[in-house]
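> got a structure for you, letters missing:
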Ligand code: SAM
Ligand code: SF4
């Protein structure tokens, strides 16, 4: 369906858990994480019902995220259920990759279409410092397994900061050899990210051009997301930038989100949306839930206001609850 600004909303990101096996500095505190209570997390049955209703409003693409989605048991069952919903044409997963190698066969069986693997460093010590866990070998095993899966779209996501400056070139180099797009996602001032500073697209691109030569701009892919891609000479895959801060893409935003606690979010920055868990658990019928979703979509904010300071309507959740 169209939102109040005439944007077609067809993409739903679902955070299936706020729990995670890593503690990336810009996403989760090292200690003292207050988890959402188990009974406050949507069950898979509740998620499937909401995806069905979202599909009836025009959602065609779904992404599972977290926290770390692979720490929640039985994720492949949810994936299969989502793929079986009429109207859903594509299902993706965003993961840190640590548990991916083992779970990939079941996810492929469930007809997963794409996987994005978050990787902020290829150096083991640097990875451990950023994620506060020594899990690089497992994450790389996950990436290798994904690259070996025929037909699976694979992307690598890196948040460039002052902590991984010397890793940008090695990470981008993955796209030279492998059929993988490597994307640099500007740090956004959400949750713990608000207290940190990231590197802007221009800084990263300059570093990559210094290593690989001039970048050729790729044409935008039809129906593609916010990523803008370039190609370096001799590369198999592309290098992308998702630059909410320096190159905002709100005018073309096609997405809505479901938090681990069942809140339907229409813009990453704002707390606005609809409490679908409350409706589900109050026994609301399909029409009432669909209407709440549609009203939230119609009221989707026109744009974020990152960089202009906080407002009372800003999101208070951390990124692990929202899903990125
Ligand atoms: N655990 C999974 C992972 O890391 O891929 C899925 C959830 S994680 C919240 C999804 C994505 O959000 C990751 O690529 C992560 O780097 C990114 N992210 C987290 N906090 C961010 C922030 N403040 N700004 C930009 N990206 C952020
Ligand atoms: Fe976990 Fe992903 Fe957040 Fe890192 S970015 S702490 S892997 S949820």
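That came in fine, so what should we check first? These numbers were taken from a predicted model, which means no experiment stands behind them. Numbering: from 1, shown residues only. Ligands and ions are numbered 1, 2, ... in the order given.
> what sits against residue 201?
Taking Cβ atoms under 8 Å, 6 or more residues apart in numbering, we find residue 201 in contact with 184, 186, 241, 243, 246-247. Where you see a C-beta, it was placed from the backbone N, CA and C, and this is true even at glycine.
> Narrow those residues to those in helices?
Within these, membership in helices is found for no residue, as judged by DSSP state H.
> Mind giving me the ChimeraX select for the residues you listed, buried ones only?
Here the buried members of the contacts of residue 201 are turned into a ChimeraX selection, burial being counted by 16 or more other Cβ atoms under 10 Å:
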select :184,186,241,243
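> Just the closest of the contacts of residue 201 to ligand 1, please.
Distance from ligand 1 was checked for each of these by Cβ to the nearest ligand atom. The minimum falls on residue 186, at 6.7 Å.
> Next, the closest one: phi, psi?
Per-residue torsions, residue 186: phi -60, psi 140 (degrees, to the nearest 10).
> Check the gap between it and residue 45 for me.
In this structure, residue 186 and residue 45 are 36 Å apart, going by Cβ to Cβ, to the nearest Å.
> The helix or strand hosting residue 63 and ligand 2, are they touching?
With elements taken from DSSP states H and E, the one containing residue 63 is strand 61-65. No. Contact of strand 61-65 with ligand 2 is not found when judged by Cβ under 6 Å from any ligand atom; the minimum separation is 8.0 Å.
> Which residues are in contact with whichever residue of the stretch 151-300 of the chain sits closest to ligand 2?
For the stretch 151-300 of the chain, the residue positioned closest to ligand 2 under Cβ to the nearest ligand atom is residue 159, at a distance of 7.9 Å. The contact partners of residue 159, taken as Cβ under 8 Å, 6+ apart, are 24, 26, 118, 120, 184-187, 198.
> can you list the residues you listed in a markdown table and add pLDDT and distance to residue 167?
Listed next are the contacts of residue 159 as a markdown table, based on pLDDT from 0 to 100; distance: Cβ to Cβ, whole Å:
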| residue | pLDDT | distance to residue 167 |
| --- | --- | --- |
| 24 | 95 | 14 |
| 26 | 92 | 15 |
| 118 | 98 | 13 |
| 120 | 98 | 7 |
| 184 | 98 | 11 |
| 185 | 97 | 14 |
| 186 | 96 | 16 |
| 187 | 95 | 15 |
| 198 | 94 | 14 |
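> and the residues you listed near ligand 2, which?
The subset of these within reach of ligand 2, by Cβ under 6 Å from any ligand atom, is 24, 118.
> now, among the contacts of residue 159, which is nearest to residue 65?
residue 118 (9.9 Å; Cβ to Cβ).
> Pairing partners for that closest one in the sheet, please.
In this structure, residue 118 has beta-bridge partners residue 157, where bridges are defined by DSSP bridges.
> Residue 251: neighbouring residues, count only.
Using other Cβ atoms under 10 Å, residue 251 has 10 other residues around it.
> what about it, which SS state?
Look at residue 251: counting by DSSP: H, G, I helix; E, B strand; the rest coil, its state is helix.
> now the nearest residue to residue 318 once chain neighbours are set aside: how far from residue 315?
Computed as Cβ to Cβ, 6 or more residues apart in numbering, the closest residue to residue 318 that is not its neighbour in sequence is residue 191, at 3.6 Å. Residue 191 sits 8 Å away from residue 315, taking Cβ to Cβ as the criterion.
> if we can go back for a sec, where does the strand holding residue 63 sit relative to the chain's centre, distance-wise?
When C-alpha coordinates are averaged (Cα atoms, centre = their mean, to the nearest Å), strand 61-65 and its chain have centres 8 Å apart.
> and it, what other elements does it pack with?
Packed against strand 61-65, as judged by 3 or more Cβ pairs under 8 Å, 6 or more residues apart in numbering; DSSP states H and E, are the following elements: strand 11-15, helix 75-83, strand 90-95.
> Stretch 157-167 and ligand 1, any residue contact?
Yes. For stretch 157-167 and ligand 1, the contact criterion (Cβ under 6 Å from any ligand atom) is met by 157, 159.
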